[in-house]
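Asker: Show me the folded form of this:
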Amino acid sequence: MRTWDLTTGAAKLEQAVDSLHLAWTEASAHWDDETQRAFQKNHLEQLQPRVQRALDAVHRVVQVFDKAQRECDDA
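Answerer: Model prediction:
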């Protein structure tokens, strides 16, 4: 029996990033100046690779936990 769940949090994070991307696309249609470009460069462009690394790590941990659970169930 699984007593932990990391995939729900990862899915929520993915949805939040997708929502942020959509909101940014809409905002960018009305906001186009140096401040907007600086915000995008200094914050948003750095966010996607960081989130992706975090999601990759979560998926690796889930695989390790799944394997450990299978091994414990077999014992």
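
Asker: Quick check: which ranges of the protein have low pLDDT?
Answerer: Counting by pLDDT under 70, the chain shows low-confidence ranges at 1-3.

Asker: so where do the helices sit in it?
Answerer: In the chain, the segments counted as helices under DSSP state H are 7-28, 34-39, 45-74.

Asker: Take those helices and lay them out in JSON lines including mean neighbour count.
Answerer: C-beta coordinates here come from the backbone N, C-alpha and C atoms, glycine included. Converted to JSON lines, those look like this (neighbours: other C-beta atoms under 10 Å):
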{"stretch": "helix 7-28", "mean neighbour count": "12"}
{"stretch": "helix 34-39", "mean neighbour count": "11"}
{"stretch": "helix 45-74", "mean neighbour count": "11"}
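
Asker: which residue lies farthest from the center of the chain?
Answerer: Here the chain reaches farthest from its C-alpha mean at A75, the gap being 34.5 Å by C-alpha atoms, centre = their mean.

Asker: gap between it and Q63?
Answerer: As for A75, its distance to Q63 is 19 Å (criterion: C-beta to C-beta, to the nearest Å).

Asker: go on, A29?
Answerer: A29 is 40 Å from Q63, by C-beta to C-beta.

Asker: repeat for S19
Answerer: The separation that S19 has from Q63, given C-beta to C-beta, amounts to 27 Å.

Asker: hey, C-alpha coordinates of stretch 47-58 in CSV?
Answerer: Output of stretch 47-58 as CSV, limited to C-alpha atoms (Å, rounded to 0.1, in the frame of the first residue of the first chain):
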residue,chain,number,x,y,z
LEU,A,47,12.0,29.5,-13.9
GLN,A,48,11.3,26.9,-16.6
PRO,A,49,14.7,25.0,-16.4
ARG,A,50,14.5,25.1,-12.6
VAL,A,51,11.0,23.7,-12.6
GLN,A,52,12.0,21.0,-15.1
ARG,A,53,15.0,19.9,-13.0
ALA,A,54,12.7,19.7,-10.0
LEU,A,55,10.1,17.7,-11.8
ASP,A,56,12.8,15.4,-13.2
ALA,A,57,14.1,14.8,-9.6
VAL,A,58,10.6,14.1,-8.3
